[in-house]
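> Quick one, structure for this:
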Amino acid sequence: MTTIKNLSAPNKINAPLPFARKLLTILVAASSAVAAGATYAENNTAQTAELPLVTVKAGGEANDSYKAKSAAVGTFGSAALLNTPASISVITRSQMDDQQSRLLSEVLRNDASVDNNYTPLGYYENFSIRGFPLDLASSYQLDGMTISGEQNVALENKERVEVLKGLAGLQGGLGAPGGLINYVSKRPADVRSITLGTDSNGSRYMAADVGTLFGAQKQFGIRVNAAHEGINTYVNGADGDRNFVSVAADWIISPSATLQFNIEDQHRQQRSVPGYQLLGGTVVPSNVSPSRLLGGQPWDKPVTIDSLNMNMRLDVDLNPDWHASLAVSRSRVIIDDNSTFPYGCFYVSSCAAGGTPPQYFSANGDFDIYDYRFPNDTRRNDQVQAVLQGKINLAGMRHDLTFGASSFRRTVSLSDGVNEYVGSDNIYNPTPLVFAPSPDTPSASTLRLDSRQQGLFAMDRVQLSDRWQVQVGARQVWLRERAFDDTGATTRTTDKSMVLPQLALIYKPQNAMTLYTSYSKGLTMGGQAPFWATINPLEFLPPTVSRQIEAGIKFEVSDQLMLNAAIFQMTKPYEYPKPEGADIAYVQQGTQTNKGLELGAVGQITKRLRLTASLAATQAIATDTGTPAYDGHQAINVPRLRGSVYADYSVPGVAGLNLLGGLDYSGRKAATRAGDVDVPAFYVFNAGLRYGTSLSGHKAVLRLSIDNLLNKQYWKDVGEYLGDGYLHLGAPRTARLSVQYDF
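Residues are numbered from 1 along each chain as shown. Below is the predicted model of the structure:
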């Protein structure tokens, strides 16, 4: 047997409990709560003022400018975007509705600083920010608490998605240098909404959003979101389905104390669509169809992912100046991977003779197929975080203070699985070959990683004068990790402690404008060597330190329009498989430096036109790597220029009708570390419309969206995964239609 993929690779799952039973139980409970709250349907204005509860409107409102005023990511609470000395973008609920987003990739296309980084259809996705791939263990948050990234988080119960661009050591501790992505859950509100949808592939979509406020003073709230999706895709044999349910509950214990609770459960199964590899290691495949499931066999099964995310947060106003919060969370993902995986050409005669590096497809398109089965791959993140925030006056200056402590644990349990060669085929073969599956049986799943991180953090924002502020903060991180083999023996122990500082200087020449400059430091886990690194196969490298300087400007042209710009420079040690004679060692040598310029605009341009627009120019270059061919050129999968614009235009003379459309652009991307192979630049036009009307006295919204209007074929992603490079095709023209009815 030749091991082709690292055992820490993602897999899939069987639901621990039948979804229908869980859905029925939760919906019955929600219905009871709705019935109980019906008596209090009329809102008492005086009581609401005394005990405020955030009300979230369902669906895109005509007066919603797509512009968010605040964000929680990176602030340990909620802070005005205008006054935050960091580059943060927010994609609102109304924009997600108008674009009929189902996956995070469809949300993040609105930010040019974010790019796909190994996002195969039917699998969980990952991304890069400012040219650095995110860490699935620590770069994704739900309501400010870390969740496992090995899932496609459902969007039905999300109010917005926030993106913090750049180092986030103070906010999250150990993590990738690119930044953080935070999902924000919808809060309870009086809402009744149902959405039905389909697409040009024949998919079926149903979603419900039901909530109520109840109690003598509306001090209780509950909101249930549920969805079913029958997923039909443009790839033959890659269909699937998804079931989702969530509950959000709020309790205003007193005018100074609030308790929030969230739980969401999703069962998703779909055949994953593997990527292509370079032909002979030097040529981008051509004349290939996005409808082909490469390496598919009649006996392979869908990838199944069951995810459970839950959190609880208590907020207490200690006095008018001080506020405390305590949050706990758990995120568990179980992946059951039963697939046929095309990889390399170890068993093809032309490769065996030394004509092609065996970790690529052969020069004529031959590739090997592996029976790949890894059941019960379980990832679990648990976190507790306490925060105290307040303000004092000292030496004639105002200090906005934050103190906190956090404890985080991540465990990974894996099977040794089955990863066996079953045959070889060719990407141009019109009749794909069929082979017998491996007779081997996967082993039981056992604990392979136990990672624990404790942290203490503090931040002080000092008001030096009416115009000048300085923000100083730091997090002390203690990290301890243990890795195990299938017998339970310890194979690696990592102990690391470090202080991660952050400093920002803020100048406000006017109330509507903020200029800032900042410095920050981050700690990132080292990567893992690929199996074909002959000197240190599968070895985990030690943690690395990243640094960033940034300067930016934010200008609120009006209450409905914001412009922003930022420049940055980020550095981190360069990791790569280094040729050493006939051998290969996975090393940390040299430095990768990413420099860039980001421009953005979001909001209402005119009375009839609103938009989001962003542009990112990024230079990502490695130096002093010890391999001259890898020095001095653009890094793999990082375009020098990316742009995105999405607009909504209200048609005059036709009440309720809005035309929607946008453009996504990416410059060419290097597909090899040597920079000698590129995939071409591409642009994708998108179009649509929204029509709002009233049916039987209730609001109804019809949405039509057409992505890739010109049906352009392009490579969306040439990122690496576990040391190997893959090329993924973008989706062809796809139309979606939905009807939302509020009752």
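> can you give me how far stretch 596-604 is from the chain middle?
Distance of stretch 596-604 from the chain centroid (C-alpha atoms, centre = their mean, to the nearest Å) equals 20 Å.
> mind listing what's buried in it?
Gly596, Glu598, Gly600, Ala601, Val602, Gly603, Gln604 (16 or more other C-beta atoms under 10 Å). For glycine as for every other residue, the C-beta is placed from the backbone atoms N, C-alpha and C.
> possible to save those residues as a markdown table with distance to Pro285?
Formatted as a markdown table, the buried residues of stretch 596-604 follow (distance: C-beta to C-beta, whole Å):
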| residue | distance to Pro285 |
| --- | --- |
| Gly596 | 30 |
| Glu598 | 32 |
| Gly600 | 35 |
| Ala601 | 37 |
| Val602 | 38 |
| Gly603 | 42 |
| Gln604 | 44 |
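> Just put these in CSV and tack on secondary structure and pLDDT.
Below are these laid out as CSV (DSSP: H, G, I helix; E, B strand; the rest coil; pLDDT from 0 to 100):
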residue, secondary structure, pLDDT
Gly596, strand, 97
Glu598, strand, 98
Gly600, strand, 97
Ala601, strand, 97
Val602, strand, 97
Gly603, strand, 96
Gln604, strand, 95
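> Helices along the protein, start to end?
19-37, 45-50, 93-98, 104-108, 169-172, 349-352 (DSSP state H).
> hey, least reliable of those by pLDDT?
When the helices of the chain are ranked by mean pLDDT, helix 45-50 comes last with a mean of 34.
> Identify the residues contacting the nearest residue to Val284 once chain neighbours are set aside.
Using C-beta to C-beta, 6 or more residues apart in numbering and skipping the chain neighbours, the partner closest in space to Val284 is Val679 (5.7 Å). Contact partners of Val679, counting by C-beta atoms under 8 Å, 6 or more residues apart in numbering, are Val284, Arg668, Lys669, Ala671, Tyr714, Trp715, Val718, Leu727.
> quick one: low-confidence parts of the protein?
Within the chain, the segments meeting pLDDT under 70 span 1-63.
> Let me know how buried Ala137 is, in neighbour terms.
Using other C-beta atoms under 10 Å, Ala137 has 23 neighbouring residues.
> isn't it right up against Gln453?
No - look at Ala137 against Gln453 with C-beta atoms under 8 Å: they stay out of range, at 10.0 Å.
> Tyr370: what's it in contact with?
Tyr370 touches Ile4, Thr340, Phe341, Pro342, Tyr343, Asn419, Glu420, Tyr421, Val422, counting by C-beta under 8 Å, 6+ apart.
> Dig out what the second one forms beta bridges with.
In this case it means Thr340. Applying DSSP bridges to Thr340 yields these beta-bridge partners: Asp371.
> Would you map the strands across the stretch 301-450 of the chain?
303-319, 322-342, 366-394, 397-414, 418-426, 446-463 (DSSP state E, counting those that start in this stretch).
> possible to save these as JSON lines with distance to Leu104?
Formatted as JSON lines, the strands of the stretch 301-450 of the chain follow (distance: least, C-beta to C-beta, whole Å):
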{"stretch": "strand 303-319", "distance to Leu104": "13"}
{"stretch": "strand 322-342", "distance to Leu104": "15"}
{"stretch": "strand 366-394", "distance to Leu104": "17"}
{"stretch": "strand 397-414", "distance to Leu104": "20"}
{"stretch": "strand 418-426", "distance to Leu104": "28"}
{"stretch": "strand 446-463", "distance to Leu104": "24"}
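> Quick one: closest of those to Asn157.
strand 303-319 (10.2 Å; C-beta to C-beta).
> Tell me which strands that closest one pairs with, and in which orientation.
Sheet pairing of strand 303-319 (DSSP bridges) gives strand 257-270 (antiparallel), strand 322-342 (antiparallel).
> can you put those strands in a markdown table and add mean neighbour count and distance to Lys218?
Shown next, in a markdown table, are the strands paired with strand 303-319 (neighbours: other C-beta atoms under 10 Å; distance: least, C-beta to C-beta, whole Å):
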| stretch | mean neighbour count | distance to Lys218 |
| --- | --- | --- |
| strand 257-270 | 21 | 13 |
| strand 322-342 | 21 | 22 |
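> Out of those, the one nearest Ser70 is which?
strand 322-342 (15.3 Å).
> Tabulate the CA atom coordinates of that closest one in CSV.
What follows is strand 322-342, C-alpha atoms only, in CSV (Å, rounded to 0.1, in the frame of the first residue of the first chain):
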residue,chain,number,x,y,z
TRP,A,322,-18.3,48.3,33.4
HIS,A,323,-19.6,45.3,31.6
ALA,A,324,-18.7,41.6,32.0
SER,A,325,-19.4,38.5,29.8
LEU,A,326,-18.9,34.8,30.1
ALA,A,327,-19.2,32.5,27.0
VAL,A,328,-18.9,28.8,26.6
SER,A,329,-19.0,26.9,23.3
ARG,A,330,-18.6,23.5,21.7
SER,A,331,-18.2,22.6,18.0
ARG,A,332,-18.1,19.0,16.9
VAL,A,333,-17.8,17.7,13.4
ILE,A,334,-17.9,14.0,12.3
ILE,A,335,-16.8,13.2,8.8
ASP,A,336,-17.2,9.9,7.0
ASP,A,337,-15.2,9.9,3.8
ASN,A,338,-16.1,7.1,1.3
SER,A,339,-14.8,8.2,-2.1
THR,A,340,-12.6,7.4,-5.0
PHE,A,341,-9.7,9.8,-5.1
PRO,A,342,-7.6,10.5,-8.2
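> quick one: that strand to strand 366-394, angle?
Angle of strand 322-342 versus strand 366-394, following axes from the mean of the first three to the mean of the last three C-alpha atoms, to 10 degrees, is 170 degrees.
> Report the distance from strand 322-342 to the chain centre.
12 Å.
> go on, stretch 542-561?
Distance, centroid of stretch 542-561 to centroid of chain: 19 Å (C-alpha atoms, centre = their mean).
> And stretch 101-116, by the same measure?
Mean-position distance between stretch 101-116 and its chain equals 8 Å (C-alpha atoms, centre = their mean).
> what does stretch 425-439 give?
34 Å.
> What residues sit buried inside it?
Per 16+ other C-beta under 10 Å, stretch 425-439 contains these buried residues: Asp425, Ile427, Pro432, Phe435, Pro437, Ser438.
> Gly688: which of these is nearest?
Ile427 (33.8 Å).
> Kindly provide the distance from the residue nearest to the closest one when sequence neighbours are not counted to Pro274.
Ranked by C-beta to C-beta, 6+ apart and with sequence neighbours excluded, the top spatial neighbour of Ile427 is Gly365, at 4.1 Å. The gap separating Gly365 from Pro274 is 15 Å, by C-beta to C-beta, to the nearest Å.
> higher neighbour count, those two?
Counted by other C-beta under 10 Å, Gly365 and Pro274 do not tie: Pro274 has more neighbours, with 24 against 21.
> Phe341 is in contact with that one, correct?
Yes - applying C-beta under 8 Å, one finds Pro274 in contact with Phe341, separated by 5.9 Å.
> Provide the partner residues of the residue nearest to Gly390 when sequence neighbours are not counted in its beta bridges.
Excluding the flanking residues, the one nearest Gly390 by C-beta to C-beta, 6+ apart is Trp322, at 3.5 Å. For Trp322, the beta-bridge partners under DSSP bridges are Asn319, Gly390.
> Pull up the gap between Trp322 and Arg475, please.
Here Trp322 is placed at a distance of 21 Å from Arg475 (C-beta to C-beta).
> what do you get for Pro442?
Note on Pro442: its distance to Arg475, by C-beta to C-beta, is 40 Å.
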